[in-house]
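**Student:** Sequence plus the predicted model coming up.
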Amino acid sequence: MKINTAYYLLPVILQNATFSIYGYYMRRKRYNSTHRKVSEILRNNEYISLEEHAKYQLELLKKMLVHCKKHVPYYQKLFLRIGFNPESVERLEDLNKIPVLEKKDVLENPEEFIARNLKKSDMILEETSGTSGSPLKVYWHKDFYSWIYALYEVRMRGSAGVSNNDKRANLTGKVLVPASQKKPPFWRYNIAEKQLYMSSYHLNDHNIPYYVKALQKFKPKFIIGYPASISPIAKYLIKSEDEIPSIIAIISCSEYLSDETRSIIEKGFRCKVYNHYGSVEWVAAINECEKGNLHVTPEFGIVEILDNKDNPVPNGQVGEMVCTGLLNYAMPFVRYRTGDQGAYPENDNGCGCGRTLPIFKSLEGRKMSYLTLPDGRLVGSAALSTAFHVENIIESQLIQDSIDSVKIKLVVTDKFKDNDREYLLSELNKRIFPLKINCEYVDCIDNGSNAKKQWIINRTADYTD
Ligand SMILES: [Zn+2]
């Protein structure tokens, strides 16, 4: 949702009305007959055998690879070059014959990944930068869009015992409240979705009690959001011994959820946290169930766990997640290096919840990190990454050495122009004003001593994770 400048000039009541009208429009688009049909498939598939899941996955994989060969230029050339014939695929392991796809390969030639047999008018353009500030535009086919919202309802909310008919609060990345706003409300209402959309950019000691009062008044059944945005509220709840009894579940998304953060959120909100893994590329979807196990959604993607030489690691060991999307025919990603790490369990002995969806042992990630604003506001990486949906940036890093400024290292293509820089600065200003921003262009981002690059380095930080 790109927010028009005119929105910010409206009084709050009209901003709420605008957000709600947008909500009604999106609801009609999302919850149609295709959505109902594919939701039913996802619901029924939760209890089929592991063998049936594997068989279904193989059918989807073969269909996707044949489509790639016929209609997607990048794969047409690749398959020809390596002599790969999708029609001959007999086992999921045959995927190993295809080299791993890097994000930079897609960034260099995004058009090559778009299917030529489908109309662009039937596609939905989405942007992502993950939590690493490398922006990528992804096209979803309109039918796949229905699958995504079915997944949210059946596998994500469904596993947490809530639904899209329940009242909810969001703490994700939309900038619905200007960063310069000093007084509540730091949230807007979307009546269509029964949603209280709270800002991830106003969380400091002074403002958090207002967030809590708003939640107590609105009485959401669940919260969905970034752990970096939810945990400061949880810490306040622990300290103040206040509570929000209506909330029965917290769904954590888009950022690594450490055991420590999970336990803070569960203690503060006095309910269970459900972890969710997905991305705009949608090569994999993983959701936590009420028994605390992570389940892969096999219909969405094949998740391989590989070592640093791209060989499979044994079950039980952590490795890099390389995934193949099975449903988005508009822009397929085959053996895509996600940059995330995880592990399958040594043995999948099933889950007490009764779902037969394959179990995933763990999702690994980087420690949570924030920028600190002069008035104590903390803004986490997933929220900040939404400012980086800018053309021609290859990589970025944020370094904060003082409380009133941040240095942004940028690796850009030669197409990166002044107006791209201006756009990035204006998007960042919406989120972290009045922090001063200094851009520095570099050839590459130094990993330092860490194998895994930290996107935000905050040397002023006095918070604890
Ligand atoms: Zn389960």
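**Tutor:** Received, thanks.

**Student:** The residue most central in space within the chain: what secondary structure?
**Tutor:** With distances taken as CA atoms, centre = their mean, Ser254 lies nearest the centre of the chain, 3.8 Å away. Put simply, Ser254 is coil when judged by DSSP: H, G, I helix; E, B strand; the rest coil.

**Student:** nearest residue to Lys430 other than its sequence neighbours?
**Tutor:** Val175 (4.7 Å; CB to CB, 6 or more residues apart in numbering). C-betas here are computed from N, CA, C, even on glycine.

**Student:** Could you do Asn315 as well?
**Tutor:** Leaving out its chain neighbours, the residue that sits closest to Asn315 by CB to CB, 6+ apart is Tyr344, at 4.6 Å.

**Student:** and the gap between that neighbour and Arg81?
**Tutor:** 31 Å (CB to CB, to the nearest Å).

**Student:** neighbour count winner among those two?
**Tutor:** Tyr344 (23 against 9; other CB atoms under 10 Å).

**Student:** Enumerate every residue touching that one.
**Tutor:** Counting by CB atoms under 8 Å, 6 or more residues apart in numbering, Tyr344 touches 305, 315-316, 358-361.

**Student:** are any of the residues you listed buried, and which?
**Tutor:** By neighbour count, with 16 or more other CB atoms under 10 Å, the contacts of Tyr344 hold 305, 358-361 as buried.

**Student:** For the residue nearest to the centre of the chain, which non-adjacent residue is spatially closest?
**Tutor:** Ala382 (4.2 Å).

**Student:** Which elements pack onto the one helix or strand the one you found maps to?
**Tutor:** Assigning secondary structure by DSSP states H and E places Ala382 in helix 381-385. Helix 381-385 is packed against helix 227-240, helix 418-432, with contacts defined by 3 or more CB pairs under 8 Å, 6 or more residues apart in numbering; DSSP states H and E.

**Student:** Now render those as TSV, adding mean pLDDT and distance to Ser369.
**Tutor:** Listed next are the helices and strands packed on helix 381-385 as TSV, based on pLDDT from 0 to 100; distance: least, CB to CB, whole Å:
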stretch	mean pLDDT	distance to Ser369
helix 227-240	97	8
helix 418-432	94	14
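
**Student:** Including distance to the ion and mean neighbour count, could these go into TSV?
**Tutor:** TSV is the format used below for the helices and strands packed on helix 381-385 (distance: least, CB to the ion, whole Å; neighbours: other CB atoms under 10 Å):
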stretch	distance to the ion	mean neighbour count
helix 227-240	21	22
helix 418-432	36	17
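
**Student:** Phe269: which of the buried ones among the contacts of Tyr344 is nearest?
**Tutor:** Phe360 (24.1 Å; CB to CB).

**Student:** Which residue is the nearest non-sequential neighbour of that closest one?
**Tutor:** Leu294 (4.1 Å).

**Student:** what number of residues lie near the one you found?
**Tutor:** 24.

**Student:** So it is in contact with Asn275, correct?
**Tutor:** Yes: using CB atoms under 8 Å, Leu294 is in contact with Asn275, at 6.6 Å.

**Student:** what is in contact with the two at once?
**Tutor:** Common neighbours of Leu294 and Asn275 (CB under 8 Å, 6+ apart) are 286-288, 363.

**Student:** Which entries within those meet the buried criterion?
**Tutor:** Neighbour-count burial (16+ other CB under 10 Å) applied to the shared contacts of Leu294 and Asn275 gives 286-288, 363.

**Student:** returning to what we had before: so which of the shared contacts of Leu294 and Asn275 comes closest to the ion?
**Tutor:** The closest of the shared contacts of Leu294 and Asn275 to the ion turns out to be Glu288 (CB to the ion; 8.1 Å).

**Student:** got a list of what that closest one touches?
**Tutor:** 159-160, 273-276, 294-295.

**Student:** could you dump the residues you listed to TSV with secondary structure, distance to Leu410 and pLDDT?
**Tutor:** What follows is those, written out as TSV (DSSP: H, G, I helix; E, B strand; the rest coil; distance: CB to CB, whole Å; pLDDT from 0 to 100):
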residue	secondary structure	distance to Leu410	pLDDT
Ser159	helix	39	96
Ala160	helix	38	97
Val273	strand	34	98
Tyr274	strand	35	98
Asn275	strand	31	97
His276	strand	30	97
Leu294	strand	35	97
His295	strand	38	97
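
**Student:** and the gap between Gly268 and Tyr236?
**Tutor:** For Gly268 relative to Tyr236 (CB to CB), the value is 7 Å.

**Student:** let me fix that: Met26
**Tutor:** Following CB to CB, the distance that separates Met26 from Tyr236 is 31 Å.

**Student:** and stretch 147-157, how far apart are its ends?
**Tutor:** From its first residue to its last, stretch 147-157 covers 14 Å (CA to CA, to the nearest Å).

**Student:** tell me the mean pLDDT over it?
**Tutor:** Averaged across stretch 147-157, pLDDT comes to 97.

**Student:** Wondering if it reaches the ion at all.
**Tutor:** No: figure legend: stretch 147-157 not in contact with the ion (CB under 5 Å from the ion); closest approach 10.8 Å.

**Student:** Run through who's touching that stretch.
**Tutor:** Taking CB under 8 Å, 6+ apart as the rule, stretch 147-157 contacts 30-31, 35, 38-39, 41-43, 46, 140, 163-164, 166, 222, 251, 274, 276, 278, 282, 285, 287, 295, 297, 299-300, 327, 357.

**Student:** Near the ion, which residues of this structure are found?
**Tutor:** Listed as neighbours of the ion in the chain under the rule CB under 5 Å from the ion: 289, 291, 293, 351, 353, 355.

**Student:** mind putting the residues you listed in TSV, secondary structure, neighbour count and pLDDT included?
**Tutor:** Below are the residues of the chain next to the ion laid out as TSV (DSSP: H, G, I helix; E, B strand; the rest coil; neighbours: other CB atoms under 10 Å; pLDDT from 0 to 100):
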residue	secondary structure	neighbour count	pLDDT
Cys289	coil	22	97
Lys291	coil	13	97
Asn293	coil	20	97
Cys351	coil	18	96
Cys353	coil	15	96
Arg355	coil	21	96
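
**Student:** Break down this protein into its helices, ranges please.
**Tutor:** Secondary structure of the chain (DSSP state H): helices at 5-9, 12-30, 33-45, 50-71, 73-82, 103-108, 142-151, 208-218, 227-240, 259-269, 381-385, 418-432.

**Student:** For Lys167, which residues are in contact?
**Tutor:** Lys167 neighbours (CB under 8 Å, 6+ apart): 194-196, 218-221, 246.

**Student:** Just the buried ones from those?
**Tutor:** 194-196, 218, 220-221, 246.

**Student:** Which one of those residues is nearest to the ion?
**Tutor:** Distances from the ion to those, taken by CB to the ion, are shortest for Lys221, at 20.6 Å.

**Student:** any idea how far Asp166 is from that closest one?
**Tutor:** Lys221 is 4 Å from Asp166, by CB to CB.
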